[in-house]
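Student: Okay, sequence plus prediction incoming.
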Amino acid sequence: MVHHELQGAEMRSFESFGDFADHLVRIAAAAPVALHRGVQDAADVVLADARDEIGKYQDAIASDRGGVGLIPAWEQLAPSTEKQKERAGYPLDAPLLASGGFRDTITKSAVGLKAVVGTNDERRVWFEMGTPRMPPRAVFAPAAIRNEAKVLRILAEAAMAGLIGGDLMFVPLSSD
């Protein structure tokens, strides 16, 4: 009889090495599914943060990963911009928020072990990089940086779920 145990999971017994091999094949099939689910969940976290930050001034944020460096804080809206927004009936003192159209175009796509959070809105480059008349107001890199620890936890839990062949049956790595 072959025994297989993972801390926090119920011990399983197998009648033969063949049964154990079948179990390992099932785990191998479950791992990519669990990891994909983790990628989707991680992308949902970044998506929610990116949408939530539209209309709020963001502080500067720095990262030493991938050459990102310092992303500047969002500057105050120009008085002329605020007057235009007021005339149009849009919320004041709410950068990148007018009708909510830009925020609502932010979506995610997850295929396999890759995910993208972004938008097809043509103004995205102007917002992210700025223009000669508008300072940059980066949305996507800050959302990813702010949520790095949470994303890594989600992916670690998904990897563990894949290793045990299904959903996690024990206490998560952290409570947030």
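Tutor: Received it, and whenever you're ready, just let me know what you need.

Student: For the rest of this, base every contact and every neighbour count on C-alpha atoms.
Tutor: OK.

Student: Now stretch 19-28: average pLDDT?
Tutor: Predicted confidence along stretch 19-28 averages 81 (mean pLDDT).

Student: er, stretch 137-145 actually
Tutor: Average pLDDT, stretch 137-145: 94.

Student: Need the contact partners of that stretch.
Tutor: With Cα atoms under 8 Å, 6 or more residues apart in numbering as the contact definition, stretch 137-145 has outside contacts at 46-47, 49-50, 53-54, 61, 63, 71-74, 117-118, 127-130.

Student: And stretch 71-90, by the same measure?
Tutor: Taking Cα under 8 Å, 6+ apart as the criterion, the residues outside stretch 71-90 that touch it are 57-62, 91-93, 95, 97-99, 135-138, 142.

Student: Give me the buried subset of the contacts of stretch 137-145.
Tutor: When neighbours are counted using 16 or more other Cα atoms under 10 Å, these contain these buried positions: 46-47, 49-50, 53-54, 61, 71-72, 74, 117-118, 127.

Student: and the helix or strand encompassing Arg103, which residues are buried?
Tutor: Counting by DSSP states H and E, the element that carries Arg103 is helix 101-105. When neighbours are counted by 16+ other Cα under 10 Å, the buried residues of helix 101-105 are found to be 102-103.

Student: what does stretch 113-120 contact?
Tutor: Surrounding stretch 113-120, the residues in contact under the criterion Cα under 8 Å, 6+ apart are 35-36, 39-40, 43, 46-47, 105-110, 140.

Student: Show the subsequent helix or strand relative to the longest helix anywhere in the chain.
Tutor: Identified as the longest helix of the chain according to DSSP state H is helix 17-53. The element immediately downstream of helix 17-53 (helix or strand, assigned by DSSP H and E) is strand 61-63.

Student: how far out from the middle of the chain is the host helix or strand of Glu86?
Tutor: Using DSSP H and E, the element containing Glu86 is helix 79-88. Distance of helix 79-88 from the chain centroid (Cα atoms, centre = their mean, to the nearest Å) equals 33 Å.

Student: in that helix, what's buried?
Tutor: Of all the residues in helix 79-88, those buried under the rule 16+ other Cα under 10 Å are 82, 85.
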